[in-house]
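Chemist: no sequence on this one, just coordinates:
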């Protein structure tokens, strides 16, 4: 992240980029990265709320996990991302009987950082009437 001259009196930040090395990833944007960090914190809070529960069926547990996370992200992030929550019991989770898995899927836009501009000069009489 660096500052450039906007004009003779003011400066601007061209983009708030992260150190993520894939420029085509949405995680190259600082704001998307901050959302991903908050999603990690939400996942941790959900784990704290769910760990030790033994009075629910697997279906009820999955529904509670999905609800906790969905409620935690509702109305957040200024509409920048769409969040889907998918709690599952993998075959390994089912065999163990004490673990679960959850995918928190974040859909966001890629940040535009490079512009190409071309000036095309034509005769005025070429302008369509």
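Modeler: In hand now; what should we look at? Computed from a prediction, not measured in an experiment: that's the story for all the values here. Numbering: from 1, shown residues only.
Chemist: So residue 74 versus residue 121, what's the distance?
Modeler: Residue 74 sits at a distance of 52 Å from residue 121 (criterion: C-beta to C-beta, to the nearest Å). Just so you know, the C-beta spots here come from the backbone N, C-alpha and C atoms, and that holds for glycine as well.
Chemist: Would you map the helices across this protein?
Modeler: Here the chain has its helices, by DSSP state H, at 30-50, 58-73, 91-96.
Chemist: got TSV for the ones you listed, with distance to residue 16 too?
Modeler: Formatted as TSV, these follow (distance: least, C-beta to C-beta, whole Å):
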stretch	distance to residue 16
helix 30-50	4
helix 58-73	22
helix 91-96	38
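Chemist: Now do the contacts for residue 90.
Modeler: Residues near residue 90 by C-beta atoms under 8 Å, 6 or more residues apart in numbering: residue 101.
Chemist: hmm, 10 Å instead?
Modeler: 96, 99, 100, 101 (C-beta atoms under 10 Å, 6 or more residues apart in numbering).
Chemist: do residue 77 as well
Modeler: 31, 32, 34, 35, 38, 39, 83, 106, 108.
Chemist: count of residues packed around the first one?
Modeler: For residue 31, the number of neighbouring residues by other C-beta atoms under 10 Å comes to 17.
Chemist: Please verify my assumption that it contacts residue 80.
Modeler: Yes. Look at residue 31 against residue 80 with C-beta atoms under 10 Å: they come within range, at 6.3 Å.
Chemist: Find residues that contact each of these two.
Modeler: Counting by C-beta under 10 Å, 6+ apart, the contacts common to residue 31 and residue 80 are 108, 109.
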